[in-house]
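1. Structure for this input, please:
(one chain, ligands or ions: 1)
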Amino acid sequence: MTKKIAAGNWKMNGLVSDLSDILDIDRQIEGLECTTVICLPATLLYASDGDPRQRVEIGGQYCHPAASGAHTGDISAPMLADAGATWCITGHSERRTDRNETDADVRAQTEAVWAAGMTAILCIGETLAQREAGETLAVLTAQLAGSLPEGATADNTVLAYEPVWAIGTGKVASPEQVAEVHDALRAQVGADMSLLYGGSVKAANAAEIFALANVNGGLVGGASLKAADFVPIVQALAAS
Ligand SMILES: O=C[C@H](O)COP(=O)(O)O
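-> Numbering: from 1, shown residues only. Reported below is the predicted structural model:
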């Protein structure tokens, strides 16, 4: 069975002093029936794990496929797990673009996430040019085939659809666009894997997106940084 998941992605934002927002979120989501995750910069994971949280689960945003080795500046999945992460994003479009990560890289990272006992939030998404060329479903199908490893289950993987043109732009995909993609993904990954939508999700549009049949939650960037913005999104998901 799918799980409702409200996942925040702080991206390259946040200092130790900002962890008070995690505690605020934690307090305010008590009693809500959904899983809440915040994917933090690696520098904040250990400090966050030391906080007296009850409900918010913590994740990383990337991992190297190897467990250790001579990879200056990188971080491994066992390191993230050791610092308290139980989730890790793989294949975010910002890394596919900024770091030239390929589907094969994402597949290897996802396997590393599983090996460290964490759940992967695997991201796929089309660019505006691909959408305008009518290639959206073909692009997503190819990304899925290339980056989702054999052995993916509803317990070890959550799939996030994030249209690149909707990330951080304020241009949220329409309910029809989200529904078309999520219905197609559901047919490909089976009934149980949770499917998240990401791209300019905020309190004002969350309920409409979460009401769609095959949307089981959101991957939220900018609106996850402050409890005042994120908690209403978690509440909308729990009420959906
Ligand atoms: O991982 C989160 C997504 O990239 C969405 O970011 P955004 O909510 O700031 O558009």
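2. wouldn't S68 be in contact with S76 here?
-> Yes: contact criterion C-beta atoms under 8 Å: S68 and S76 qualify, at 5.9 Å. Glycine gets a C-beta too; all of them are placed from N, C-alpha and C.
3. Compare those two and say which is more crowded by neighbours.
-> S76 (21 against 10; other C-beta atoms under 10 Å).
4. right, and that one touches H64 too?
-> Yes: S76 is in contact with H64 according to C-beta under 8 Å; the separation is 5.1 Å.
5. what residues are shared contacts of those two?
-> Residues touching both S76 and H64 by C-beta atoms under 8 Å, 6 or more residues apart in numbering: A112.
6. interface residues of the chain facing the ligand?
-> 9, 92, 162, 167-168, 198-201, 219-223 (C-beta under 6 Å from any ligand atom).
7. nearest to the ligand, of these?
-> Of all these, the one sitting nearest the ligand is G221; the distance, using C-beta to the nearest ligand atom, is 2.4 Å.
8. list the contacts for the closest residue to the closest one other than its chain neighbours?
-> Counting by C-beta to C-beta, 6 or more residues apart in numbering, G221 lies nearest to N9, which is 5.2 Å off, once chain neighbours are set aside. By C-beta under 8 Å, 6+ apart, the contact set of N9 is C39, Q61, I89, H92, G198, L219, V220, G221, S224.
9. Could you provide the residues of the chain next to the ligand in a markdown table, with additional columns for secondary structure?
-> Converted to a markdown table, the residues of the chain next to the ligand look like this (DSSP: H, G, I helix; E, B strand; the rest coil):
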| residue | secondary structure |
| --- | --- |
| N9 | strand |
| H92 | coil |
| E162 | coil |
| I167 | coil |
| G168 | coil |
| G198 | coil |
| G199 | coil |
| S200 | coil |
| V201 | coil |
| L219 | strand |
| V220 | strand |
| G221 | coil |
| G222 | helix |
| A223 | helix |
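10. Which two of those have the greatest separation?
-> Maximum pairwise distance in the residues of the chain next to the ligand, criterion C-beta to C-beta, is 16.2 Å, between H92 and A223.
11. name the element R96 belongs to?
-> helix 93-98 (DSSP states H and E).
12. er, A7 actually
-> Using DSSP H and E, A7 falls within strand 5-9.
13. Only alpha carbons, please: show that strand as PDB.
-> Extracted in PDB, the C-alpha atoms of strand 5-9 (Å, rounded to 0.1, in the frame of the first residue of the first chain):
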ATOM      1  CA  ILE A   5       5.000  11.300   2.400                       C
ATOM      2  CA  ALA A   6       5.700  15.000   2.800                       C
ATOM      3  CA  ALA A   7       9.400  15.400   2.000                       C
ATOM      4  CA  GLY A   8      11.300  18.600   2.200                       C
ATOM      5  CA  ASN A   9      14.600  19.300   0.400                       C
END
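14. Describe which strands it pairs with in its sheet and in which direction.
-> According to DSSP bridges, strand 5-9 forms sheet pairs with strand 35-39 (parallel), strand 217-220 (parallel).
15. deepest of the ones you listed, which one?
-> Greatest average neighbour count among these goes to strand 217-220 (a mean of 29), per mean count of other C-beta atoms under 10 Å.
16. Give me the contact list for the helix or strand just after it.
-> Going down the chain from strand 217-220, the next helix or strand is helix 227-239, by DSSP H and E. Residues from elsewhere that reach helix 227-239, judged by C-beta under 8 Å, 6+ apart: 4-6, 8, 21, 24-25, 28-29, 32-34, 36, 201-203, 206-207, 210, 217-218, 220, 222-224.
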